[in-house]
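[1] Whatever this is, show me its structure:
(2 chains)
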Amino acid sequence: MSELRRTFEEMPQQAVPLERDAAGQPFIRVTRREFLKLSAAAAALATAGCRGPVEEIVPYVNPRLVAPGLPQFFASAMTLGGCATGVLVESNMGRPTKIEGNPSHPASLGSTSVFEQAAILELWDPDRASALAMRGQPQASDALQTALLGRMQRLEQRHGEGLRILMRYESSPTLAAQLQALAQRFPAMRVHSWEPLHRDHSLQGARLAFGRAVEPLYRFGDADVVVAFGADFVGEGPGHLRYAREFMDRRRYRENPPVNRLYAFEPTPTLTGAIADHRDARSPAEVAQALAQLAGALGGGKVDDPMVAAAARDLQAHRGRCVVVPGEALAPEAHALVHRMNAQLGAAGTVVQYIAPICGDVDCTRSLQELVADMAAGRVDTLLILGGNPVYDAPGDIAFRDALARVPFSVHHALRMDETSATTTWHVPLTHFLEHWSDARAFDGTASVVQPVVAPLHGGFSHHEMLAMLLAPVAGGPRDWVRAQWLGNAGDAQAGERWRALLRDGIVADSAAQPVQVAARNGDFTPPTAAQPWTLVFRPDQSMHDGEFANNAWLQEIPRTHSKLVWDNAAYVSPASAQKLGVKSGDRIEVASGDARVVAPVWILPGQADDTITLPLGYGRARVGRVGNGVGFDAYPLRPAPMAWAAPARSVRRIEGEHTFATTQNHAEMEERDPVRRINVPEARELHQKPIENAPEPETLYPGWTYPGYRWAMVVDLATCIGCNACTIACQAENNIPTVGKEEVRHGREMHWIRVDRYYEGSQERPRTHFQPVPCMQCENAPCELVCPVGATVHDSEGINVQVYNRCVGTRFCSNNCPYKVRRFNFLHYTKRDGEPPLDARNPQVTLRMRGIMEKCNYCLQRITRARLETEREGRRIRDGEVVTACQAVCPTAAITFGDLSDPESAVSKAKRSPLDYALLRELNTRPRTTYHAKVLNPNPDVPAPPAGEGKGEGHMVPPTTPGERGGG
Amino acid sequence: MASTPLIRGRWGYASITDKIADIVLRRPTHWIWGVGLLVTLLMSVFFFGAMGYLFTRGVGIWGVNIPVAWGFAIGNFVWWIGIGHAGTFISAFLLLLRQKWRNSINRFAEAMTLFAAGIAGIWPILHVGRPWFAYWLVPYPNVMNYWPQWRSPLVWDFFAISTYLIVSLVFWYVGLVPDLATLRDRATSKTKAMVYGFFALGWRGEARHWARYEIAYLLLGGLAAPLVVSVHSIVSLDFAVGNTPGYHSTIFPPYFVAGALYSGFAMVLTLAIPMRHFFGLEDFITKRHLDNAAKIMLATGLIVAYGYCMEVFTAFYSNDEYEIGMTMNRFFGPYAFVYWGVITCNVVIPQLLWFRFARYNVWILFALSLVIQLGMWSERFMIVVTSLSRDFLPSSWGLFVPSIWDVTMLIGSIGFFFFLFLCFIRVLPAITIFEMRELKHEELEGRQP
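    As a prediction, this is how the structure comes out:
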């Protein structure tokens, strides 16, 4: 065991030995981190008699000595669904506090989704499993090894008969090599895969179409016309960040690109649907019908559906510059049909390319079914579950738990003691990805090394170490194994340099997968299109993913993009379906599918297809931790294995009782106040060609401010914003923003400094959805500053409206007077709330706020200050782009521009000169520093406009931006 | 002036003194008083208990939120300070206007003012997030380089309220001095004599004393009278300076002052009617007094009603979509019941006061006084909460729902107010003895005003 145990330290040249850390820095009290460090070291000394090997990790930039107070960034990678997203982990004196995207990584390009942001909280979660346990009882750390020892010998005699490994999608080459070695030792062993959000349908579709499993890679930058069938390519799935960037780059109107056009057919509103020029809500069967019709139209057939017909004409007019994107939920035949259409349209090989599946050619559903059959038949006596939580997330018609109970020796190697751990004989704590060495591939095959940035906080070890226990002893530790995977066993200086470069950059150069040449077969691919009385649509919850993030308070409290619900999932139904069921939001329905019945609260979602019920997966966890236990309902039991994404409901009926939801936005209409303005491409072109006329600012009696130095400002481009919430959670991580819990959100007390407003335009059935991120506007005539009796909110010399926490007495007058309602108040002592991250996880640059004081966005003042300190030392001004706010950094589509207005050539100054720039509530003469660019749409004139709303004053059309209505600053 | 005498019945100088002083010194307490004291004491305990909990947990125990960051605390503050207006108005304004009928009601009305203004002063402290730093609103020399932000109406508020409280206290105390001497002279025990004597400041009833007293009292009246107008004007600026539709209105100062007098006179009636009944003071607080108070209520009520009309007119005349939106929200929004309740309580029902029978029927008057106070409290709720719940950006609209603590503290403060008042009745003469004797004197001399 001793060679497996390791302690992590800073780089050797940083020369901060473990022992001196506390002694040499007497002003630092012994925090939990140090305590853990020291106890880890003590444990290592006790068991091994000496310190574990000191390992070197390499920072992304700033490779100089660690400087107290200055963060370092280490490249690593986080996997989700087996595919990696490159990240840069901010480490403050050895404590990881924030995650940024890795600009060099193809799946990140510098941005992340909400999950990478929230991974920090996952790391510091006190509810993580901390001890080896057998049947729930804590064991000595070597107990598992002892137990395995005899068993391995017996297994070896049987060539591994009865040994099974169940893992998730894994793209780690090191793990693959280990599994290969294991297969050599135990030839009769079998490895199974189960990923609840699997890609079985698309792989099967590829097998149908091409005769082999391949995964499509899209190049949206080259696509003029995109037709998406239930595909949320900007919102989820491997590569979605990249896809969002490439797609939205074609809408970055400032640069006047040839704007692309998107048609979306989908059963439930998604981010992709919200950015589409034409979106139609259709049930899964209708989506399949539309797809079949499109295929017919492309083959020269006649189509009645005007939207499909228009899409077909558009696609044909842009051959080689267009693509049809299938959603994972489509039937395999539909995927195959799309592949053939893309080949017909000349998209294959240009806009879409095919690569071998990153996580291997596996069929999860079949794999799990086979395993369960074997377990139930008693053919499995040793089962190793590497990650995942199959007891919770197996399909309802696969009796995994019962079968598992029949396995005499089962090990669950996971981050938490969860539902599966409760059934297995052993639970082994898994290290978080920030705590261990590994590697992983991105959606396009690019490999990254997963570099640890902190010693395991709760003990435990990685899958590699787990597998090593089953293998003949190998020299070195996981770091050496990973290194050997990429560099062989070379130990020369050149290899050392390559290794350092690899760690520093976070990617293995030129490791992207090569496209494979495949030809679509001719065949009759007919997706099933039979309509059902009620169709259940299963989707990963936008925050919980497959359920693994259920104990993450940040993610729980991130509003779901369309419903704005927090701390809950809901059965989403359309307004018409709700009427049919006789329910309103908050009523409960019982949904039956197969043998399972689940009671779910209803939420009426405009834009949902009629006769479909969307059930987000990932909630209703029974054993995940204090934050997530018992929150929401579990839809997995309803999910049949063969119809993992859409299944007919056996019955749906209303039952008694009401559920109380918490939502962050109660009103969805714009009330003719036009907070979001939109414009179509032809008008936008016209505006661009006209000289810009600045309408005069409204008068004010007060003299203006004078700014000797910088004038910070921000522009949020609604044309490229996809509403993904990444800004909100990045801000939360950066600025130590507390969560408040469901009850407090219900009271209207959420704390997010940048929120994403969602508005509907048009009818309830076919609304156009708009997203608008709203940070502080940093007004020049700030109404908040005027009314604070104690001067706690003041204008700084660079135009930022700063909040002086220590001075605030909490009259809340500033919030009343803020027309944008961006101020947040600590009504209770939220930072002390149960479930809040420990102090070590906090950004040391940002004060924690106590109860009774106001807080709000300050353009990441701490980042500005850091840049100022750097540049003042160098005797120069801060360059454009040197200060990047947290929201700006994380934004997948780079919709946020920030910078200095006093520099006319800065990106933000240029953005402010765009004719599409407008100030929110300009008529109030607050002169906001944060302005917006109007949303640009490129609708096809051939498609009839959706009907406007009628009755109840719901919805209306938003006039396009008028020239001259621009923001100041 | 009506010819009905201000003192009814056959009272002489001595019997007036006996009657009023005995309530304090001799007369056995009515059992109702005892029950009232107990009940209000219990309510006060709730008030202070809730306060303790508030200080421990934070203002999150209330229903306030974003967007409705001001809730009951501010509404209560404005309501109480409004109630506190009638006392000074009666003492100072009516004194300057030589309205002799004020003499029998000014003492307890001033006490009411003090208690109400004192309770009002508590609310802002309870309201702020960090009450232990509430003193930062005060400009004082300190080492923190700290100074208030003078553009904020909350700072003006601090001065307005503290000035008002101090002047009211002094005015009330000066008016008490001759009566304290009376009580000293008639005290039944040594201790009482010493306490009253201490506060009587050695008053011996000399002509010189009287001459100086009269001048001082008149001057103080002159000082207090403008405050009646200024305090609530400044309180109204807390809202009018803000840009929230429903707050931002130039009509607020006069409208608030009228509303304050309206609720203040309602409170005078709420207190006077039971008091004259239970302590047999019908001869001193006559129906003519009640009639006069009712007429003032009618007048101020009409000004308030005018304010309501003008708010609506201005909203539509301005053609400002936010003002119109706010008005429509008041009419038909989620808090519409508050608005129509306000209109009913403050505008519709009080029109009864046009009729003499209503003004002379104590039951109707008492009920009306309660209705008007309910209406005026609701009006504050309407202004504070309804306006905030829907301001500019529809995405931020949200409702305020009072928590159990909001309600507890409101009711508790009412209990505490009545507790103080019940104590006052038994400790100090609720009616000015010497002024009543003076009235009698004037009546006997045939020099009725």
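
[2] hey, let's count contacts and neighbours off CA atoms from now on
    OK.

[3] could you show me where the helices are in the stretch 701-850 of chain A, in order?
    Here the stretch 701-850 of chain A has its helices, by DSSP state H, counting those that start in this stretch, at A:726-734, A:742-746, A:783-787, A:813-817.

[4] same thing with the stretch 151-300 of chain A?
    A:173-185, A:200-210, A:240-249, A:271-275, A:284-298.

[5] tell me what the helix or strand harbouring A:A336 is packed against?
    Assigned by DSSP states H and E, A:A336 belongs to helix A:332-344. Secondary-structure packing of helix A:332-344 (3 or more Cα pairs under 8 Å, 6 or more residues apart in numbering or on different chains; DSSP states H and E): helix A:200-210, helix A:284-298, strand A:322-326.

[6] Most tightly packed of the ones you listed?
    Across the helices and strands packed on helix A:332-344, averaging neighbours per residue (mean count of other Cα atoms under 10 Å in any protein chain shown) puts strand A:322-326 on top, at a mean of 28.

[7] Compute the inter-axis angle for that strand and helix A:200-210.
    Strand A:322-326 and helix A:200-210 are oriented at 130 degrees to each other (axes from the mean of the first three to the mean of the last three Cα atoms, to 10 degrees).

[8] Summarise which helices and strands strand A:322-326 is packed against.
    Where contact means 3+ Cα pairs under 8 Å, 6+ apart, strand A:322-326 is packed against strand A:225-229, helix A:332-344.

[9] Using CSV, list the CA coordinates for that strand.
    In CSV, the C-alpha atoms belonging to strand A:322-326 read as follows (Å, rounded to 0.1, in the frame of the first residue of the first chain):
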residue,chain,number,x,y,z
CYS,A,322,-25.1,22.9,-44.1
VAL,A,323,-25.8,20.1,-41.7
VAL,A,324,-28.5,18.2,-40.1
VAL,A,325,-27.9,17.5,-36.4
PRO,A,326,-29.6,14.5,-34.7
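
[10] just how off-centre is that strand within its chain?
    Counting by Cα atoms, centre = their mean, to the nearest Å, strand A:322-326 is centred 23 Å from the centre of its parent chain.

[11] what lines up beside that strand in the sheet?
    When pairing is defined by DSSP bridges, strand A:322-326 lines up against strand A:225-229 (parallel).

[12] For the partner strand, C-alpha coordinates in PDB please.
    The C-alpha coordinates for strand A:225-229 follow below in PDB (Å, rounded to 0.1, in the frame of the first residue of the first chain):
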ATOM      1  CA  VAL A 225     -27.800  26.300 -42.400                       C
ATOM      2  CA  VAL A 226     -28.300  23.900 -39.500                       C
ATOM      3  CA  VAL A 227     -31.300  21.800 -38.900                       C
ATOM      4  CA  ALA A 228     -31.500  20.300 -35.400                       C
ATOM      5  CA  PHE A 229     -33.800  17.400 -34.600                       C
END
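
[13] what about that strand, average pLDDT?
    What strand A:225-229 shows for mean pLDDT is 96.

[14] What lies in contact with that strand?
    Strand A:225-229 is contacted from outside by A:260-266, A:287, A:291, A:311, A:314-315, A:318, A:321-327, A:330, using Cα atoms under 8 Å, 6 or more residues apart in numbering or on different chains.

[15] Centre of the chain to it, how far?
    Distance of strand A:225-229 from the chain centroid (Cα atoms, centre = their mean) equals 22 Å.

[16] Report the angle between that strand and helix A:284-298.
    On the basis of the same axes, to 10 degrees, strand A:225-229 is oriented at 140 degrees to helix A:284-298.

[17] what angle sits between strand A:225-229 and helix A:240-249?
    When the same axes, to 10 degrees is applied, the directions of strand A:225-229 and helix A:240-249 differ by 140 degrees.

[18] Enumerate every residue touching residue 151.
    Using chain A here. With contact set as Cα under 8 Å, 6+ apart, A:R151 has no partners.

[19] Chain B, not that one
    B:R151 makes contacts with A:786-787, A:789, as judged by Cα under 8 Å, 6+ apart.

[20] now swap in B:K192 and tell me
    Residues in contact with B:K192 (Cα under 8 Å, 6+ apart) are B:R184.

[21] Quickly note the distance from the closest residue to B:F115 other than its chain neighbours to A:D880.
    Residue nearest to B:F115 in three dimensions, not counting chain neighbours: B:F417, with 6.2 Å by Cα to Cα, 6 or more residues apart in numbering or on different chains. Relative to A:D880, B:F417 is positioned 62 Å away (Cα to Cα, to the nearest Å).

[22] Residue 320 - how many residues pack around it?
    Unless you meant another one, I'm taking chain A. 23 (other Cα atoms under 10 Å in any protein chain shown).

[23] wait, I meant chain B there
    If you count neighbours by other Cα under 10 Å, B:D320 ends up with 13.

[24] which one is the closest residue to chain A within chain B nearest to, not counting chain neighbours?
    Relative to chain A, the nearest point of chain B is B:G129 (3.5 Å; Cα to the nearest Cα). In this structure, B:G129 finds its nearest non-sequential neighbour in A:G852, 3.5 Å apart by Cα to Cα, 6+ apart.
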